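[1] Just the structure for this:
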Amino acid sequence: MSKILIIYVDIDDDLGKIGLETPIIGEERVKKAIDIASETIPTDSDFNTMVVAYNIYKKLRKENNDVEIAFISGSERSNIEGQIEFSRKLDEAIKTTNAEEAIIVYDSPEDAKAIPIIQSKLKVIGIERVLVEQYRGVEETYALLGRYIKKAISDPRFARIFLGVPGIILITIGIFSLLNLTVYATPAILIIIGLALLGRGLRIDEYIERWWENSTIMVIAAIISLISTIVGIIEGYYVGASIKVYDLSSIFIILTTILPFIVFAIIVLFGAKAINKVMNRDIKVWHDIFRIIAVIIIYYMMVLISKNLEENVIGVQLQTMYTLSVITLVLVSLYIVFSIIEKHIT
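    Have a look, this model is predicted:
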């Protein structure tokens, strides 16, 4: 008979907040943890989930199954770090119990992220999600609402949405009011809300957080690049608004206005990446230096071509295209040579 491990999942380490270190393995240690939780978080869904996991354990044990129980948590710092920490502790629990099968008990969608991790290590024979009913009257509803509001304010995962976005909206309204641009406040607010929803829906905030933890300089470079791009678009808008008659030359004027800001943004990103590789002593730093040089050359060629087209100078256009072809051939050749050298060195 295969050994079954009942796993209570706490991916964001709520148990750590009440002084419990996981993995908590075995009936005696689990009972002590439940006693502590009953005194510190008696109304929390985590406590109810712990009790449900323990009851499943006792029921299977009465039926003479070879069963063990473990409370395993992750980390409150970030989703990725929480999953990594959970995986490490799960390995420890498996090594201690020699379990081959698992029954997962959890309560929140965040905890559900642990399910694939467990499935990759054990045969999952059961999953129990605990939904606590707390709607028995007006007083309990207000109490529940109060707890959710407190969680939205104190928990960093929710605070960035419930406090961060309204804060940005209020600042935007204030700035637009000072500048007498309140007519643009509503579109700006809709854009902010849309970006917040998009960022949360695609988990962009998690990627940025992970990016920040791995390379602070890249995040700073990304912010500078974003600001440069926005400034370029605004500058292009004002130039376009000042043009009364639109034709091919006016389009080139707008493009040449925006292009320096875009190029600067790209160079900043590649430069930060190169600095990051230099700090890590990565030989592939030449890739980013090569990209910076290529971007600068392409920028000047594009500016030259746009001016020639604007002035309708056919002869110069042909010379420019010839120069561009030669530069492209040289860049490609250099890239191939450096790639061969890198391959031999590594």
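[2] Can you list the buried residues in the one helix or strand residue 233 maps to?
    Secondary structure assignment for residue 233, by DSSP states H and E: helix 216-242. Residues 218, 219, 221, 222, 225, 228, 229, 232, 236, 239 are the ones in helix 216-242 that count as buried (16 or more other C-beta atoms under 10 Å). Every C-beta, even on glycine, is put in place using the N, C-alpha and C of the backbone.
[3] CSV for those, including pLDDT?
    Below are the buried residues of helix 216-242 laid out as CSV (pLDDT from 0 to 100):
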residue, pLDDT
218, 80
219, 78
221, 84
222, 82
225, 87
228, 87
229, 86
232, 85
236, 83
239, 81
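[4] number of nearby residues for the closest residue to residue 163 other than its chain neighbours?
    Spatial nearest neighbour of residue 163, chain neighbours left out: residue 153 (6.6 Å); criterion: C-beta to C-beta, 6 or more residues apart in numbering. For residue 153, the count of nearby residues is 11 (other C-beta atoms under 10 Å).
[5] Equivalent analysis for residue 341, please.
    Neighbour count for residue 341, taken as other C-beta under 10 Å: 12.
[6] Outline the domain layout of this structure.
    Annotated domains of the chain cover 4-129, 140-213, 215-346 [automatic domain parsing].
[7] and those domains, which is most packed in?
    Greatest average neighbour count among the domains of the chain goes to domain 4-129 (a mean of 18), per mean count of other C-beta atoms under 10 Å.
[8] mean confidence for that one?
    On average, the pLDDT along domain 4-129 is 90.
[9] Now do that domain: distance from first to last residue.
    Distance between the two ends of domain 4-129: 18 Å, counting by C-alpha to C-alpha, to the nearest Å.
[10] Residue numbering should commence at 21 henceforth.
    Got it, first residue is 21 now, which makes that one domain 24-149.
[11] related to what we said a few turns ago, give me every residue that touches the residue nearest to residue 183.
    Residue 173 makes contact with 179, 182, 183, according to C-beta atoms under 8 Å, 6 or more residues apart in numbering.
[12] Can you verify the last one is assigned to a helix?
    Yes: under DSSP: H, G, I helix; E, B strand; the rest coil, residue 183 sits within a helix.
[13] Would you mind measuring the gap between the ends of stretch 56-67?
    One end of stretch 56-67 sits 10 Å from the other (C-alpha to C-alpha).
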